[in-house]
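Participant: please find the sequence and the predicted model below.
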Amino acid sequence: MRNMNDILRQAQVMQNKLTKLQAELAEKTYEASSGGGIVKAEVTGKQELKKLVIDPAALEKNDMEMLEDLIIAAVNEALRIARETMEREMNAISGGIKLPGMF
């Protein structure tokens, strides 16, 4: 019975560490750019767009479709970086075990 209690205690400790890390990572920001820096996106670990910067020179070309594509690319890349960072950090603590509801 003692062995089972030790396992449960270790699982609780790991869950607490994962919950704390998840909260910390959610508050961090992640950046990406596209078009050689014409568009820059910043997202949070909560997968929310926080900031979008567009170089004014991009507006001079009057190519709205290209600008839209650059915005999408920058935002998607920043979101990908945020997701991968969170997964990597969580896996480091959990040893790669996928816990339901954690990430």
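Facilitator: The structure has been received and is ready for your questions.
Participant: checking residue 53 next. Helix, strand or coil?
Facilitator: Secondary structure state of residue 53, per DSSP: H, G, I helix; E, B strand; the rest coil, is strand.
Participant: for it, give me the pLDDT.
Facilitator: Looking at residue 53, its pLDDT reads 97.
Participant: the chain: helices as residue ranges?
Facilitator: 2-27, 57-60, 64-94 (DSSP state H).
Participant: for residue 39, find the nearest of these.
Facilitator: Comparing the helices of the chain by their distance to residue 39 (CB to CB), the top pick is helix 64-94, with 4.3 Å. Every residue, glycine included, has its C-beta placed from N, CA and C.
Participant: next, the angle helix 2-27 makes with the closest one.
Facilitator: Here helix 64-94 runs at 150 degrees with respect to helix 2-27, directions being taken by axes from the mean of the first three to the mean of the last three CA atoms, to 10 degrees.
Participant: show me the residue sitting in the middle of this structure in space.
Facilitator: Central residue check for the chain by CA atoms, centre = their mean: the C-alpha nearest the mean position is that of residue 82, 1.7 Å away.
Participant: give me the beta-bridge partners of the closest residue in space to that one that isn't next to it in sequence?
Facilitator: Distances taken as CB to CB, 6 or more residues apart in numbering put residue 30 closest to residue 82, at 4.2 Å, once the chain neighbours are dropped. Partner residues in beta bridges with residue 30, using DSSP bridges, are residue 43.
Participant: helices or strands next to the lowest-mean-pLDDT helix or strand in the chain in the packing?
Facilitator: Of the helices and strands making up the chain, the lowest-confidence element is helix 2-27, at a mean of 84, by mean pLDDT, DSSP states H and E. In terms of contacts (3 or more CB pairs under 8 Å, 6 or more residues apart in numbering; DSSP states H and E), helix 2-27 is packed against helix 64-94.
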